[in-house]
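Asker: Okay, predicted coordinates and the sequence, questions at the end:
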Amino acid sequence: MPAVSFQSVSKTFSTPRGPFQALNNVSFDIEEGEFFGLLGPNGAGKTTLISILAGLARASAGRVLVQGADVQGDYAEARRRLGIVPQELVFDPFFNVREALKIQSGYFGVKNNDAWIDELLESLGLADKAKSNMRQLSGGMKRRVLVAQALVHRPPIIVLDEPTAGVDVELRQTLWQFIAKLNKQGHTVLLTTHYLDEAEALCGRIAMLKQGQVVALERTTDLLSQASGNVLRFKVDGELPVALRAQARVTGRIAQLPVHDAADIERCLALVRESGLVAEDIEVRKADLEDVFISVMSKASGSRPAAPATEVSA
Ligand SMILES: Nc1ncnc2c1ncn2[C@@H]1O[C@H](COP(=O)(O)OP(=O)(O)OP(=O)(O)O)[C@@H](O)[C@H]1O
């Protein structure tokens, strides 16, 4: 039995401009013990899918099973099996860290949980904050508490919705060490992230969403092997010539272009030169998951019209 099974899940929101389909017939399974990545650009539908999994939103069609339990028909059972780390920093400001974790344990009916709470506090670098009020914590510390809260009932399936957005390197390392350890112990992990290097390093399998549809679903190694060629990387002052722009990944002054051989490299550099620009710090590197992601997203056709201008109720 899969840990999570998304079966033909669709979600349509009503908006002032008419119905808006955020998810369109999404189907895939996550097997027990997998470290699974859900990737996609902003607005692709990742959080909507996770909200449906968490029982926070209802699918317009299709169903989601958590170890066989339907998230709508058997909500309490499905929810008990999930540890969800939300994207938003939501917390109760009146309690200290340990109290918050005890309350969360009670919510799941877990008693005598002090040893596990101690281990969570230790593993997430929160031991010296146990008595701190939630209000006094920095954003990064609050995020650690959210992770601890999600794990307090030892859920077999851990869902992390962009857990490292805006957090420092130390927390990332602490978090990934701990989550990787739990995954080794048999916990299934579902991760959404915009940090493709993290997904590449951690996830065994990846689904990519675009405009509410699954456009890739493969083992990470197979996705990476699609990145057949190399990448030409250089610094440049000014906009790339039109002939290169569509396939380029540009970050500030740094341009990166897929290349297959030496002739390709020469052609790109010649086009840059001919447009009056100077390429500096030129290097060639192996393609990575981000290159595959850009290529998949540029090839896949999404099905839905433009996003709504205003958000309304589900
Ligand atoms: N309550 C709502 N009403 C109308 N549209 C909504 C609502 N919630 C989400 N949407 C729309 O559904 C689409 C998918 O949103 P979602 O938050 O799931 O994307 P995402 O992949 O998680 O994006 P991000 O990476 O930015 O978090 C977006 O176009 C969003 O504007």
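Answerer: Received the coordinates, thanks. Numbering: from 1, shown residues only.
Asker: Show me where the stretch 201-314 of the chain has its strands.
Answerer: 205-210, 213-219, 230-235, 249-251, 254-259, 280-286 (DSSP state E, counting those that start in this stretch).
Asker: Give me whichever of the ones you listed is most buried.
Answerer: Highest mean neighbour count among these (mean count of other CB atoms under 10 Å): strand 205-210, with a mean of 24. All C-beta spots, glycine's among them, are computed from the backbone N, C-alpha and C.
Asker: Name the residues that touch that one?
Answerer: 26, 28, 30, 34-41, 44-46, 49, 199, 214-220, 223, 289, 293, 296-297, 300, 302 (CB atoms under 8 Å, 6 or more residues apart in numbering).
Asker: And stretch 27-35, by the same measure?
Answerer: By CB under 8 Å, 6+ apart, stretch 27-35 touches 1-9, 36, 62, 156, 180, 183, 186-191, 202-205, 207, 214, 217.
Asker: Please list the members of the residues you listed that lie in strands.
Answerer: When the contacts of stretch 27-35 are checked against strands (DSSP state E), the matches are 4-9, 36, 62, 188-191, 205, 207, 214, 217.
Asker: Residue 278 is in contact with residue 237, isn't it?
Answerer: Yes: at 7.2 Å, residue 278 and residue 237 qualify as touching, with contact defined as CB atoms under 8 Å.
Asker: and the lowest-mean-pLDDT helix or strand in the chain, which residues are buried?
Answerer: Across the helices and strands of the chain, mean pLDDT, DSSP states H and E gives its lowest value to helix 289-299, namely a mean of 84. For helix 289-299, the neighbour count (16 or more other CB atoms under 10 Å) marks 289-297 as buried.
Asker: Can you tell me what sits against that helix?
Answerer: Contacts of helix 289-299 (CB under 8 Å, 6+ apart): 39, 41, 196-197, 199-200, 206, 208, 210, 215-216, 220, 223-224, 226-227, 231, 246-247, 249, 256, 258.
Asker: redo that, cut-off 6 Å
Answerer: Applying CB atoms under 6 Å, 6 or more residues apart in numbering, the external contacts of helix 289-299 come out as 196, 200, 208, 210, 215-216, 223, 226-227, 231, 249.
Asker: By pLDDT, give me the weakest of these.
Answerer: By pLDDT, residue 227 ranks lowest within these, coming in at 72.
Asker: Next, give phi and psi for the closest residue to that one other than its chain neighbours.
Answerer: Nearest non-adjacent residue to residue 227, counting by CB to CB, 6 or more residues apart in numbering: residue 287, 3.3 Å away. With angles defined as degrees, to the nearest 10, residue 287 sits at phi -70, psi 150.
Asker: residues near residue 287, how many?
Answerer: 20 (other CB atoms under 10 Å).
Asker: Report the beta-bridge partners for residue 96.
Answerer: Residue 96 has these beta-bridge partners by DSSP bridges: residue 133.
Asker: contacting residues around it?
Answerer: 131-133.
Asker: where's it relative to residue 143, distance?
Answerer: Separation of residue 96 from residue 143 (CB to CB, to the nearest Å) stands at 17 Å.
Asker: So residue 91 versus residue 145, what's the distance?
Answerer: To residue 145, residue 91 is 7 Å away according to CB to CB.
Asker: Name the residue in those two with the higher neighbour count.
Answerer: A direct count of neighbours by other CB under 10 Å for residue 91 and residue 145 places residue 145 higher, at 24 against 17.
Asker: Show the pLDDT at the more buried one.
Answerer: Residue 145 is assigned 91 on the pLDDT scale.
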